[in-house]
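# Whatever this is, show me its structure:
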Amino acid sequence: SEEVFNKMKDLGFPVTVFAINQLLLLYKRVDKKKIADVLAKMEKENVKPSLFTYKLLVDTKGAIRDIAGMEKVVESMQAEGVEPDLLFQATIAKHYIFAGHREKAEAILESMEGGDIKGNRNACKILLPLYAFLGKKDDVERMWQVCEANPRLDECLSAIESFGRLGDVERAEKVFEDMFATWKTLSSKFYNALMKVYADQNLFKKGKELAKRMDEDGCRLGISTIDSLVKLYVGAGEVDKAESILHKLSKSNKMKPQYSSYLMLLDTYSKKGDIHNSEKVFDQLRQMGYNGRVRQYQLLLNAYVHAKTPVYGFRERMKADNIFPNSVIASLLAATDPFNKKKTLSDMLE
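Below you'll find the predicted structure:
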């Protein structure tokens, strides 16, 4: 992307806000430190930010809990006269919720509703999960009542996820089953939404039954389905079965499993002090291209701690992968270092 951008400049093409947004989107995913450079370039080229530019910046600030920084972006946007849409407001509200600013979030949700939610129905599918994040069941019900008599597919999906997040499994199931009265067949994403509800609530039997139903109904099992099945089996204490399902289904469906699927297995083996299987899953993560992430190294080290076994050459392994220890990993390395007499493994486990 950088090469294409620079080539466009060399060829004399004007720097557009679209091109800038693509760079921001890239750096938001891979290297947030470079965002400041892109913004400086934007100012130098006198390119005005679009609503999408502000969305990216707000989401980037909010993701690291920089609420003050997020609010400054919003102020800049308002000063430029750029009007927020519902999704922009939802992004701000979501970050307020996760940062613990409930009152600020509620004020935005009230603004999103407008004076009459029935006349502003498009907001319902966006508001449903936000009220669920806040744990406001009555408001989730209120949003759903606007849609329930004549629901749209995206509203149903939002309702299943929202009721599930509140732990109201029966309500989520009812939304799912009622859909068949309007649509005779459903795509796999609706089954996946209910499967995730079962996984989050640790409803093993219901999850297995839904998986069989998906197969009977001809639904393709996606990576999110596999992730939920892994979570169900791990929660039921059947980690070996979970690992088997992960490999068989991802291979037969020719899919790359989610990072979280492997992490659940690694976490479980780690807590058991099962070094062999922890190393095996760690190696599978690398084979799948999931390297360069600190969390997997931390879990692998935990396996050695729980097994009360020293580990050799781990710093070198991390260095080879360009991973640098954080404070947690540093303490684990000290605990598993066979030459460190100051802190024993037993000390770490007490």
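
# which element is the nearest residue to Trp144 once chain neighbours are set aside on?
Leaving aside its sequence neighbours, Trp144 sits nearest to Ala159 (CB to CB, 6 or more residues apart in numbering; 5.2 Å). All C-beta spots, glycine's among them, are computed from the backbone N, C-alpha and C. Ala159 belongs to helix 153-165 when assigned by DSSP states H and E.

# Next, the buried residues of the next helix or strand after that helix.
The helix or strand immediately downstream of helix 153-165 is helix 169-182, counting by DSSP H and E. Within helix 169-182, the residues scored as buried using 16 or more other CB atoms under 10 Å are 169, 171-173, 175-176, 179.

# same check, this time on stretch 51-61
53-61.

# List just the nearest of those to Asn322.
Thr60 (22.9 Å; CB to CB).

# so how far is Ser228 from His247?
According to CB to CB, to the nearest Å, His247 stands 16 Å off from Ser228.

# Which of these two has more residues huddled nearby?
With neighbours defined as other CB atoms under 10 Å, His247 and Ser228 compare such that Ser228 has more, 26 against 12.

# for the most centrally placed residue in the chain, what are its contacts?
With distances taken as CA atoms, centre = their mean, the residue of the chain nearest its centroid is Ser260 (9.2 Å). With contact taken as CB atoms under 8 Å, 6 or more residues apart in numbering, Ser260 is in contact with Asp227.

# just Glu106 next, same as before
Glu106 touches Leu134, counting by CB under 8 Å, 6+ apart.

# Got phi/psi on it?
Main-chain torsions, Glu106, degrees, to the nearest 10: phi -60, psi -40.

# The chain should start at 274 in everything you say after this.
Happy to do that; since the first residue is 274 now, the last one works out to Glu379.

# before we move on, back to that, measure how buried the residue nearest to Trp417 is and give me the count.
Count around Ala432 with other CB under 10 Å applied: 30.

# likewise Arg588?
Arg588 has 15 nearby residues by other CB under 10 Å.

# Do I have it right that it meets Ala607?
No. Look at Arg588 against Ala607 with CB atoms under 8 Å: they stay out of range, at 10.9 Å.

# picking up where we left off before, ok, residues contacting the helix holding Ala432?
Contacts of helix 426-438 (CB under 8 Å, 6+ apart): 397-399, 401-402, 404-406, 413, 417, 420, 424, 442, 444-445, 448-449, 452, 456, 462-463, 466-467, 469-470, 473-474.

# Narrow the residues you listed to just the buried residues.
397-399, 401-402, 404-406, 413, 417, 420, 424, 442, 444-445, 448-449, 452, 463, 466-467, 469-470, 473-474.

# Show me the domain layout of the chain.
391-457, 475-530, 534-622 (the TED database).

# Serialize those domains to a markdown table and add fields for mean pLDDT and distance to Glu376.
Compiled in a markdown table, these are given as follows (pLDDT from 0 to 100; distance: least, CB to CB, whole Å):
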| stretch | mean pLDDT | distance to Glu376 |
| --- | --- | --- |
| domain 391-457 | 96 | 11 |
| domain 475-530 | 92 | 33 |
| domain 534-622 | 84 | 33 |
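
# Leu299: which of these is closest?
domain 534-622 (16.5 Å).

# now that closest one, how far from the chain's geometric center?
23 Å (CA atoms, centre = their mean, to the nearest Å).

# How about stretch 308-319?
That offset, for stretch 308-319, works out to 29 Å (CA atoms, centre = their mean).

# Flag every buried residue along it.
308, 311, 315.

# do stretch 578-588 as well
So stretch 578-588, judged by 16+ other CB under 10 Å, has buried residues 578-580, 584, 587.

# do the same with stretch 559-573
Buried-residue list, stretch 559-573, by 16+ other CB under 10 Å: 563, 569-573.

# same deal with stretch 419-437?
In stretch 419-437, counting by 16+ other CB under 10 Å, buried: 419-420, 424, 428-437.

# Can you add distance to Glu516 and give the residues you listed back as JSON lines?
Listed next are those as JSON lines, based on distance: CB to CB, whole Å:
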{"residue": "Val419", "distance to Glu516": "44"}
{"residue": "Cys420", "distance to Glu516": "40"}
{"residue": "Pro424", "distance to Glu516": "38"}
{"residue": "Glu428", "distance to Glu516": "37"}
{"residue": "Cys429", "distance to Glu516": "33"}
{"residue": "Leu430", "distance to Glu516": "30"}
{"residue": "Ser431", "distance to Glu516": "32"}
{"residue": "Ala432", "distance to Glu516": "33"}
{"residue": "Ile433", "distance to Glu516": "28"}
{"residue": "Glu434", "distance to Glu516": "27"}
{"residue": "Ser435", "distance to Glu516": "31"}
{"residue": "Phe436", "distance to Glu516": "31"}
{"residue": "Gly437", "distance to Glu516": "25"}
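
# coming back round to it: out of the buried residues of helix 442-455, the closest to Lys553 would be?
For the buried residues of helix 442-455, the nearest to Lys553 is Val442 (34.4 Å; CB to CB).

# my guess is the closest one contacts Ala472, does it?
No. Between Val442 and Ala472 there is no contact under CB under 8 Å: 11.5 Å.

# re the thing from before, where strands are concerned, which of the contacts of helix 426-438 count?
With strands identified by DSSP state E, none of the entries of the contacts of helix 426-438 belong to them.

# Go through those residues and flag which are in helices.
In this view, the contacts of helix 426-438 that belong to helices under DSSP state H are 397-399, 401-402, 404-406, 413, 417, 420, 442, 444-445, 448-449, 452, 462-463, 466-467, 469-470, 473.

# export the helix or strand harbouring His520 as PDB, just CAs?
Secondary structure from DSSP H and E places His520 in helix 512-525. Taking Å, rounded to 0.1, in the frame of the first residue of the first chain, the C-alpha atoms of helix 512-525 are listed here in PDB:
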ATOM      1  CA  VAL A 512     -10.100 -30.400  25.300                       C
ATOM      2  CA  ASP A 513      -8.800 -33.300  23.200                       C
ATOM      3  CA  LYS A 514     -12.100 -33.500  21.400                       C
ATOM      4  CA  ALA A 515     -12.000 -29.700  20.900                       C
ATOM      5  CA  GLU A 516      -8.600 -29.900  19.300                       C
ATOM      6  CA  SER A 517      -9.800 -32.800  17.100                       C
ATOM      7  CA  ILE A 518     -12.800 -30.800  15.900                       C
ATOM      8  CA  LEU A 519     -10.700 -27.800  15.200                       C
ATOM      9  CA  HIS A 520      -8.300 -29.700  12.900                       C
ATOM     10  CA  LYS A 521     -10.900 -32.000  11.200                       C
ATOM     11  CA  LEU A 522     -13.500 -29.200  10.400                       C
ATOM     12  CA  SER A 523     -10.900 -26.600   9.400                       C
ATOM     13  CA  LYS A 524      -9.200 -29.200   7.100                       C
ATOM     14  CA  SER A 525     -12.400 -30.500   5.600                       C
END
